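>>> pasting the sequence and the predicted model now:
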Number of protein chains: 2
Amino acid sequence: MATIKDVARRAGVSTATVSAVMNDSAFVSPELRARVVSAIRELRYEPSLAARNLRRNRTQLIALAVADLSNPFYARIVWSAEAAVAAWGYSLVLFNSDEKPDTERRILSRIRTLGCDGMVLVPVGAANQYQPHEFDGIATVLLGRSIEGNSADTVTIDNREAGRQAADYLLDLGHRRIGSITGPMQLSTSKGRLDGMIEAMAARGLAPQPGHIRSGEFREEAAYSVARDMMGSPDRPTAIYVANGVMAIGVMRAVADLGLRCPQDISIASTDTVAGAGGLKPRLTRTEHPIADMTNEALRLLVDRIEERVSEPVRSIVFQPALIVGESCMPLRENAG
Amino acid sequence: MATIKDVARRAGVSTATVSAVMNDSAFVSPELRARVVSAIRELRYEPSLAARNLRRNRTQLIALAVADLSNPFYARIVWSAEAAVAAWGYSLVLFNSDEKPDTERRILSRIRTLGCDGMVLVPVGAANQYQPHEFDGIATVLLGRSIEGNSADTVTIDNREAGRQAADYLLDLGHRRIGSITGPMQLSTSKGRLDGMIEAMAARGLAPQPGHIRSGEFREEAAYSVARDMMGSPDRPTAIYVANGVMAIGVMRAVADLGLRCPQDISIASTDTVAGAGGLKPRLTRTEHPIADMTNEALRLLVDRIEERVSEPVRSIVFQPALIVGESCMPLRENAG
DNA sequence: TCCTGATAGCTAATCGTTTCGCTGAAGTCT
DNA sequence: AGACTTCAGCGAAACGATTAGCTATCAGGA
């Protein structure tokens, strides 16, 4: 591989002049410029990013660390993020923390080492696992989940509102014994969604039975076993609000395996987009969030920071969920109540 | 950000010693090592990859360029690849060519500029768009699709066999008028699968009707409209072999929208894992390939090349498909035949 | 003629590592 | 005791770019 020195020698100029030609960073006479350009072409010179990065302290790399790559929700984020990052002229380095705080820690250190210009992080730990200024050295946007008291920019959805919308829908259908299967309680998403649901019930003077509220990992298998347990008991709820898409699939599978029908025997509502939405039967009633918009917005904030068009100290953007009615819920029948 | 010099000063040693401790590249007495380690911890020192890369001419970056990030098949590959890449001590730079040769070209040049140590590529162009030694400068493994006459390592599945298996299954059920909806014919996957299907029919003295063989983009929408067209006509096939998962979803949707039932009115078989396999009803009969294994194998080959444990000039590994029987096919009934 | 200002292009420092080759102390052998 | 190894650890030269600051040239004005 030819270096800038080879080009300089060949063109009979200094490396500074070659650099000036490459970057248009200073005036170079037409004559010299022509010589440099042809030397570049002849030697097939490509500047070394490594050297340039070392000097400029920039890498053109943006890191994205998601919580669980096996979850279609995050796959969707990855898809949007790749497009957005490319459009801004950067490249995307992808990490999967697999919902493990330890893995996340290693990833964060790796991101620092790589010298990524910025990162979009879906944090997996509880708020107290991060220092308030944990991310100060590097442009950071938290996506989907927030960390209380942290100084990074944030893009989230209104989880409370999502829980409220779903619960209100079920309540309007006449359901009174509503359960919820939700994710780990230290996550802002799980907690917010559950709070919203409880709030909606409270607004009508109701409260879920203690055994009808369960939390577990944000995974299909976890939801499956919790659902089997909850639905197997005689005082099972008539409707369930499930906190995310893959869990909803697990719950539907559990319901089917127990010989129950959805929606006839049990109504299921959830939050967040669902795997294979095209083919899932019955189609899930759910609150969706605009994943692509959220991701684009997160990257806009990030690039803003990186390129130092900074304005306020901390910005946070909250997206509103929208209720999408499918076929997984029906009005409460007397015999099921 | 602390540098190696800061650490050296703080520990009262030379930068060479710090480097030796960081990389375990030379013996350092326990005493000095301890001092260095604590200096590193105190200063929160993280080596700069930019500098290291410049010196070593390595980036620890592996690029993955897939054909379509919106396709769950590739999302699954991304998931596996991230894990494998991390396990080998590299980081993953992700690109999406979106099935566009032009985008792919830009991606390849970007990968070169970034100085990635290697790349895994799912090529989107026809074989004649690549030069035989197109990828010679950089360690490369082609995944899923092959390029005839190219000198890069390759990991693929036996597409012919996949088409054959699916068609044989339908033939065994008594179907005779079998159609196929497949992807772009310049891709080795589309062509192989279709060839295998035709071969299986030929082995029983049959051939598909010309109008029953359609190809289009590997996307749900494309498949939907082709399927509506094909299934709307009175001499429609009694069974269809669909060349990939997202297309199968499109076909099922088209069938439902036409008021037909699967499998009673039409049997559907496909190749490749399917979105939301957990929830899709009826479950698709399909040939699957071991995506995780394929991806891991691709990365093993790649790292082999990068770290120059090279052996043969070109290696290619072919995985065999396995037929998974779902509920989307049934024996041919007289009235449908 | 001399001074000044403008400016094209060069020299060399710098970014943060790795690593070659060296030093000097300690150990080993005769 | 003297000669020879060993080897922990150091100093400094790379790696390939960018860029601050300098030099040499030239035009124009006094």
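Sure thing, it's come through. Numbering: from 1, shown residues only, chains lettered A, B, ... in the order given.
>>> where does chain A come near DNA strand D, residue by residue?
A:1, A:3-5, A:15-16, A:18-20, A:22-23, A:25, A:45-48, A:50-52, A:54-56 (C-beta under 7 Å from any atom of the strand). Yep, even glycine has a C-beta here, placed from its N, CA and C like the rest.
>>> residue contacts, A:Asp293?
A:Phe319 (C-beta atoms under 8 Å, 6 or more residues apart in numbering or on different chains).
>>> and if you look at A:Gly149?
Here A:Gly149 is in contact with A:127, A:132 (C-beta under 8 Å, 6+ apart).
>>> could you pull out the strands for chain A?
Assigned by DSSP state E, the strands in chain A fall at A:61-66, A:91-96, A:118-121, A:139-144, A:153-157, A:178-182, A:213-215, A:239-242, A:267-271, A:285-288, A:316-319, A:322-324.
>>> which strands and helices lie in contact with the fourth one?
Spelled out, it's strand A:139-144. When contacts are defined as 3 or more C-beta pairs under 8 Å, 6 or more residues apart in numbering or on different chains; DSSP states H and E, strand A:139-144 sits against strand A:118-121, strand A:153-157, helix A:291-306.
>>> of those, which is nearest A:Ala84?
In terms of C-beta to C-beta, the element of the helices and strands packed on strand A:139-144 nearest to A:Ala84 is helix A:291-306, at 4.2 Å.
>>> buried stuff in the closest one?
A:291, A:294-299, A:301-306 (16 or more other C-beta atoms under 10 Å in any protein chain shown).
>>> again, but for stretch A:201-211
Buried residues in stretch A:201-211, counted by 16+ other C-beta under 10 Å: A:201, A:208.
>>> that one: how far from the chain's middle?
30 Å (C-alpha atoms, centre = their mean, to the nearest Å).
>>> and that stretch, average pLDDT?
Averaging pLDDT along stretch A:201-211 gives 91.
>>> distance between the ends of it?
One end of stretch A:201-211 to the other measures 16 Å (C-alpha to C-alpha, to the nearest Å).
>>> show me what that stretch is in contact with.
Residues contacting stretch A:201-211 (C-beta under 8 Å, 6+ apart): A:167, A:171, A:176-180, A:197-198, A:230, A:233, A:235, A:237.
>>> now look at stretch A:59-79 and say if it contacts DNA strand C.
No. Using C-beta under 7 Å from any atom of the strand, stretch A:59-79 never reaches DNA strand C; the gap is at least 12.3 Å.
>>> avg pLDDT for that stretch?
Mean predicted lDDT for stretch A:59-79 stands at 94.
>>> and that stretch with chain B, contact?
Yes. For a cut-off given as C-beta under 8 Å from any C-beta of the partner chain, stretch A:59-79 has contacts with chain B, namely A:59-61, A:69-70, A:72, A:75, A:78-79.
>>> just the pLDDT at whichever residue of the stretch 51-200 of chain A sits closest to DNA strand D, thanks.
Residue of the stretch 51-200 of chain A nearest DNA strand D, by C-beta to the nearest atom of the strand: A:Ala51 (3.3 Å). According to the prediction, A:Ala51 has pLDDT 92.
>>> just to revisit the earlier point, now the strands of chain A as CSV including mean neighbour count?
Listed next are the strands of chain A as CSV, based on neighbours: other C-beta atoms under 10 Å in any protein chain shown:
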stretch, mean neighbour count
strand A:61-66, 25
strand A:91-96, 24
strand A:118-121, 26
strand A:139-144, 26
strand A:153-157, 23
strand A:178-182, 27
strand A:213-215, 19
strand A:239-242, 31
strand A:267-271, 28
strand A:285-288, 25
strand A:316-319, 15
strand A:322-324, 14
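>>> looking at those strands, which is nearest to B:Asn159?
Closest among the strands of chain A, using C-beta to C-beta: strand A:91-96, at 27.9 Å.
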